[in-house]
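Student: coordinates for the following, if possible.
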Amino acid sequence: MSAMNMGATAPTDVLELRAAEQRRRIHDTTLELRTQLEEKLDLRRKATEYVWPASGVAAGIGLVFGWAAAGLFSSPRK
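Tutor: Numbering: from 1, shown residues only. Sure thing, here's the model as predicted:
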């Protein structure tokens, strides 16, 4: 049977059950996506997870800029 013939001959109970199942799947998928998005965008957890690498990068950038600023204001060597 083709899909059109099956839809035309299937009882409404079966169609309602299929629709309910699809709605449940969509709902579950939406909840799963929301949970994954909340986990990925949790800034507090990310901050605690990457505090040491971020501190190292900030220290390195500060060192480079500090060295460059000191070079601008120091007297040239003779």
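Student: longest helix in the chain, by residue count?
Tutor: Secondary structure of the chain per DSSP state H: the longest helix is helix 12-40.
Student: after that one comes which helix or strand?
Tutor: Remark: after helix 12-40, the chain's next helix or strand is helix 43-49, criterion DSSP states H and E.
Student: which other residues reach that following helix?
Tutor: Contact with helix 43-49 is made by 39, 54, as judged by C-beta atoms under 8 Å, 6 or more residues apart in numbering. For the C-beta atoms, the positions are set from N, CA and C on the backbone; glycine is no exception.
Student: who touches whatever helix or strand comes next after that helix?
Tutor: Sequence-wise, the next helix or strand downstream of helix 43-49 (DSSP H and E) is helix 51-73. Outside helix 51-73, the residues within contact range by C-beta under 8 Å, 6+ apart are Ala47.
Student: 10 Å instead, please
Tutor: Taking contacts as C-beta atoms under 10 Å, 6 or more residues apart in numbering, the residues outside helix 51-73 that touch it are 46-47, 50.
Student: quick one: which of those is most hemmed in?
Tutor: Lys46 (13 neighbours; other C-beta atoms under 10 Å).
Student: list the contacts for the spatially most central residue of the chain?
Tutor: Nearest to the mean C-alpha position of the chain, by C-alpha atoms, centre = their mean, lies Lys40 at 4.0 Å. Contact analysis of Lys40 by C-beta under 10 Å, 6+ apart lists Lys46.
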